[in-house]
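Novice: pasting the sequence and the predicted model now:
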Amino acid sequence: DAKTTQPPSMDCAEGRAANLPCNHSTISGNEYVYWYRQIHSQGPQYIIHGLKNNETNEMASLIITEDRKSSTLILPHATLRDTAVYYCISYNNAGNMLTFGGGTRLMVKP
Amino acid sequence: GAVVSQHPSRVICKSGTSVKIECRSLDFQATTMFWYRQFPKQSLMLMATSNEGSKATYEQGVEKDKFLINHASLTLSTLTVTSAHPEDSSFYICSATYLAVGETQYFGPGTRLLVL
């Protein structure tokens, strides 16, 4: 699976959009981009995933660049409960194995 | 949908005892389950991949005789930490996927193990 790089930490004001970047420059054509988040002392929570097209669900939006070398997770109106470590993972379906990197620790502040 | 549970959520045991952790997919059949371990302030590390009815595949450096995995049904996998020692104290998390290929992994809430 391709390696991803994320900033170790970010701050965001409550109510504002949180934009979390992820680089996956070595991603291959059959690898999806998955985002999970982990709130302290809990299991990771699935947020969203995509292959080529931008995706949106009730939690977030995922913007993938045309060359697929990077993506951005957008939380449109961050709340204090969105404070967590966010993991961006490029995932080979055939391998069926997630490899977690260091993630981005998002701190939403009042 | 796609709920995964773990039991117990927290366990404290004496050194040398064995501890069993259960992982259940509550509303779907999971042909593949995964076991991860997470030490404080670190990311999740995959320990093993478990397919229903077959032996688990362990990651390099994970002792299969120490971490026994059983995946007897499509909704239950168990991890037994045998002869636990203080260095086995960690946060153990399972995940499960629908069917075989290309499906999202859903994670359990984790089990915190403390070995005294």
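Specialist: Arrived safely, thanks for sending. Numbers count the residues shown, from 1 in each chain, chains lettered A, B, ... in the order given.
Novice: contact partners for the residue nearest to A:M59 when sequence neighbours are not counted?
Specialist: If the residues on either side of it in the chain are set aside, A:M59 comes closest to A:I47, at 5.3 Å by C-beta to C-beta, 6 or more residues apart in numbering or on different chains. Using the backbone N, CA and C atoms, a C-beta is placed for each residue, glycine as well. A:I47 makes contacts with A:35-37, A:57, A:59-60, A:73, A:86, as judged by C-beta atoms under 8 Å, 6 or more residues apart in numbering or on different chains.
Novice: the residue nearest to B:S5 when sequence neighbours are not counted - how many residues pack around it?
Specialist: In this structure, B:S5 finds its nearest non-sequential neighbour in B:R24, 4.9 Å apart by C-beta to C-beta, 6+ apart. Using other C-beta atoms under 10 Å in any protein chain shown, B:R24 has 19 other residues around it.
Novice: you'd agree B:R24 is in a strand?
Specialist: Yes - applying DSSP: H, G, I helix; E, B strand; the rest coil, one finds B:R24 inside a strand.
Novice: and the strands in the chain?
Specialist: By default, I'm working from chain A. A:9-13, A:18-23, A:31-38, A:45-50, A:55-56, A:61-64, A:70-75, A:84-92, A:104-109 (DSSP state E).
Novice: not quite, I wanted chain B
Specialist: B:4-7, B:10-13, B:19-25, B:30-38, B:45-51, B:57-58, B:67-73, B:76-81, B:90-98, B:105-107, B:111-115.
Novice: dump those strands to a markdown table, plus distance to A:S90.
Specialist: What follows is the strands of chain B, written out as a markdown table (distance: least, C-beta to C-beta, whole Å):
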| stretch | distance to A:S90 |
| --- | --- |
| strand B:4-7 | 22 |
| strand B:10-13 | 33 |
| strand B:19-25 | 25 |
| strand B:30-38 | 17 |
| strand B:45-51 | 15 |
| strand B:57-58 | 21 |
| strand B:67-73 | 26 |
| strand B:76-81 | 25 |
| strand B:90-98 | 17 |
| strand B:105-107 | 14 |
| strand B:111-115 | 28 |
